[in-house]
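Trainee: 3D model of this:
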Amino acid sequence: MPNVANLKENPDIYYYNQNEKLITKDEIKELLNNLSKTSQFNNKKIYIINGAEKMSDTVYNAILKTLEEPKDNIYAFLVTKNIDQINDTIKSRCQIIFLNSALEKKVYDDKIIEVANNLIENIENYGVDTIVYYNKIYTEIVDRDNLKQVLNVLFDNYYNSLKKLLNDEKSNSIIIKNNDIISLSKKILVVDKYINLLNSYLNKNLILDRFIIEMWRCKNEMC
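Mentor: Below is the predicted model of the structure:
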């Protein structure tokens, strides 16, 4: 099977950048028609709307059904810099992820970055077996605050890799090499979930176990 991670090459990915050109009613009709057809690769279809706050009422109403009654293996990503301008009905049908933290420049201790990079490499190469092959992670991450910093580095890495992929930029990172848009998106959701869980979850080692397992499940399309 050919590599179709590139947006321009993948017939199952539909990308609209409203910062360059507003979506028309005819384009939405064409999108809905394409979504109803069989996927050409991996039985999945994705549509991405960048600048979603600029959608007209006609476009909002047209895509609403795809969000209210989502079909299996169809994924929608609505990207905005101003969520307050997104239609309330649309917001209520979506899982909201705030990426502001990923856009701000952070400074991490070199040891945190090293641990985070090792964790990424092990998860990408060994999946759930990371728990065995990289067991020293449990002593390298000393507490919940430490783990939260590591996960923030992971979030930034996966997010930046997804951004490069969406912008059709070339990268030699292990993440880009081993993931497509769906896999990266799922992993970002998982990392974000566990960053938030750390605010209340007490057992650092247990949450790290669950995190690694869930990241592995994403790679194996069970997430």
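
Trainee: average pLDDT for the longest helix seen in the chain?
Mentor: Assignment by DSSP state H gives helix 144-166 as the longest helix of the chain. Across helix 144-166, pLDDT averages out at 88.

Trainee: Let the chain start at 185 from now.
Mentor: Got it, first residue is 185 now, which makes that one helix 328-350.

Trainee: Can you dump the C-alpha atoms of that helix in PDB for me?
Mentor: Only the C-alpha atoms of helix 328-350 are listed here, as PDB (Å, rounded to 0.1, in the frame of the first residue of the first chain):
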ATOM      1  CA  ARG A 328       3.300  13.500  39.600                       C
ATOM      2  CA  ASP A 329       4.700  17.000  38.900                       C
ATOM      3  CA  ASN A 330       7.700  15.500  37.200                       C
ATOM      4  CA  LEU A 331       5.400  13.200  35.100                       C
ATOM      5  CA  LYS A 332       3.200  16.200  34.100                       C
ATOM      6  CA  GLN A 333       6.300  18.000  32.800                       C
ATOM      7  CA  VAL A 334       7.300  14.900  30.800                       C
ATOM      8  CA  LEU A 335       3.800  14.600  29.300                       C
ATOM      9  CA  ASN A 336       3.800  18.300  28.400                       C
ATOM     10  CA  VAL A 337       7.000  17.700  26.400                       C
ATOM     11  CA  LEU A 338       5.300  14.700  24.700                       C
ATOM     12  CA  PHE A 339       2.200  16.900  23.900                       C
ATOM     13  CA  ASP A 340       4.400  19.500  22.300                       C
ATOM     14  CA  ASN A 341       6.300  16.900  20.200                       C
ATOM     15  CA  TYR A 342       3.100  15.100  19.000                       C
ATOM     16  CA  TYR A 343       1.300  18.400  18.300                       C
ATOM     17  CA  ASN A 344       4.300  19.900  16.400                       C
ATOM     18  CA  SER A 345       4.500  16.600  14.400                       C
ATOM     19  CA  LEU A 346       0.800  16.800  13.500                       C
ATOM     20  CA  LYS A 347       1.200  20.400  12.500                       C
ATOM     21  CA  LYS A 348       4.100  19.600  10.200                       C
ATOM     22  CA  LEU A 349       2.100  16.800   8.700                       C
ATOM     23  CA  LEU A 350      -0.900  19.000   8.100                       C
END
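
Trainee: Give the other helices and strands that it contacts.
Mentor: helix 284-287, helix 294-310, helix 358-362, helix 365-381, helix 388-403 (3 or more CB pairs under 8 Å, 6 or more residues apart in numbering; DSSP states H and E). The C-beta positions use only the backbone N, C-alpha and C, and glycine is treated the same way.
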